[in-house]
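> let's see this in three dimensions:
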Amino acid sequence: MTIVSLILLVAMGILCAFIHKNKGYSPIAGFCWGFFFFIIGLIIVLLEMNKEEQVIADKGRLSMTQWLLIFLGVGILLIIIFFIIMSLM
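Numbering: from 1, shown residues only. Prediction:
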């Protein structure tokens, strides 16, 4: 990894942390979005609702974290099933 790419990643992390903090969320989570996912993280942070608006809109619905955990759980389950099937062949 070059110095320039590292500087870009840190700058994107700081930008996302600033935006995420202004929307009422954790700046550390915003930094992680920007640092690890770069442009995709910036898009996600920009499209995210303010925390107050989200609390009002989320009455009775699953949160983004719950959907992510469901998605990851199903993905891990499918990977395990794939390896079991491949080992039986």
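> G41: neighbour count?
If you count neighbours by other Cβ atoms under 10 Å, G41 ends up with 21. Heads up, the C-betas are built off the backbone N, CA and C, glycines and all.
> for G24, same thing?
Around G24 there are 14 residues (other Cβ under 10 Å).
> how far away is it from I81?
39 Å (Cβ to Cβ, to the nearest Å).
> isn't F31 right up against I19?
No: using Cβ atoms under 8 Å, F31 makes no contact with I19, being 10.4 Å away.
> these two - which one has more neighbours?
More crowded of F31 and I19, by other Cβ under 10 Å: F31, with 21 against 18.
> need the pLDDT of the more buried one.
On pLDDT, F31 comes in at 94.
> what's the answer for V10, then?
At V10, pLDDT is 94.
> what of M1?
For M1, the predicted pLDDT is 65.
> same question for the one 5 residues further on.
Note on L6: pLDDT of 91.
> which element follows the helix or strand harbouring it toward the C-terminus?
Assigned by DSSP states H and E, L6 belongs to helix 3-22. Downstream of helix 3-22, the first helix or strand assigned by DSSP H and E is helix 27-47.
> what's that next one packed up against?
helix 3-22 (3 or more Cβ pairs under 8 Å, 6 or more residues apart in numbering; DSSP states H and E).
> who's in contact with the residue nearest the centre of the chain?
Closest to where the C-alpha atoms of the chain average out (Cα atoms, centre = their mean) is W33, at 5.7 Å. By Cβ atoms under 8 Å, 6 or more residues apart in numbering, the contact list for W33 reads 13, 16, 20, 41-42, 44-45.
> pLDDT value on the closest residue in space to it that isn't next to it in sequence, please?
Residue nearest to W33 in three dimensions, not counting chain neighbours: G41, with 3.5 Å by Cβ to Cβ, 6 or more residues apart in numbering. G41 is assigned 90 on the pLDDT scale.
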